[in-house]
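Novice: With the input below, show me the fold.
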Amino acid sequence: MKRTLSLPAALALALALGCSSEPAATTDASADAPIDVGSDISIDVASDVPIDATPDAGPTLATIEALVLRPHCAIPSCHASAEPTGRMRLDEDFPRTSLRGVAAMGVACRDQGLVRVVPGDPAASLLYRKISEDAPPCGSRMPPRPPTRCPRAHRPRP
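Specialist: Okay, the predicted model is just below:
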């Protein structure tokens, strides 16, 4: 069963997943507490529409890009440079088609036969697995979360 994420939950997910290059200024012990967002994000990347969408079903891929990928992943030290991490650019100048149906190209993943995004199949999508699993099939969980920069988050499960 596919579910979508409501806009408030997407905002919570963006805050939970987001890593900045600046150290977090918090003394709140709950900052490292898991955040349960309650549902999976299932987006048809070809149409930008949540799968099984109703008018209030959840954010589009464009919303997720705006809230999570661009501010927290498409940064110069990661996925927004001429030589991005994993050879995967996520900044606004790079098309979404570089994700859909494209083989993984990072050193740790390129020989695994994995695809970055398989529309409608999060379990087969490496990008989804890297942000949702503690031990993805290759490479590291994303975004990286050093204790001083990123709060722990319960990632949605496929």
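Novice: any idea of the mean pLDDT for stretch 75-82?
Specialist: When pLDDT is averaged along stretch 75-82, the result is 78.
Novice: Any idea how many residues pack against residue 113?
Specialist: 9 (other Cβ atoms under 10 Å). Where you see a C-beta, it was placed from the backbone N, CA and C, and this is true even at glycine.
Novice: likewise residue 91?
Specialist: Counted with other Cβ under 10 Å, residue 91 comes out at 17.
Novice: cool, residue 144 as well?
Specialist: Residue 144, neighbours per other Cβ under 10 Å, totals 11.
Novice: and it, what helix or strand is that in?
Specialist: Under DSSP states H and E, no helix or strand contains residue 144.
Novice: ok, now how distant is residue 94 from residue 79?
Specialist: 9 Å (Cβ to Cβ, to the nearest Å).
Novice: When the two are compared, which one has more neighbours?
Specialist: residue 79 (22 against 15).
Novice: Find me the pLDDT at the closest residue to the more buried one other than its chain neighbours, would you?
Specialist: Sequence neighbours aside, residue 90 is the residue nearest to residue 79 in space, at 4.1 Å (criterion: Cβ to Cβ, 6 or more residues apart in numbering). Listed pLDDT for residue 90 reads 78.
Novice: What residues does residue 90 make contact with?
Specialist: 65, 69, 70, 73, 74, 79, 80, 84 (Cβ atoms under 8 Å, 6 or more residues apart in numbering).
Novice: For the protein, give me the ranges with low pLDDT.
Specialist: Scanning the chain for pLDDT under 70 picks out the ranges 1-68, 95, 145-158.
Novice: Name the residues of stretch 88-103 that come out as buried.
Specialist: Neighbour counts over stretch 88-103 (16 or more other Cβ atoms under 10 Å) mark 88, 89, 90, 91, 99, 100 as buried.
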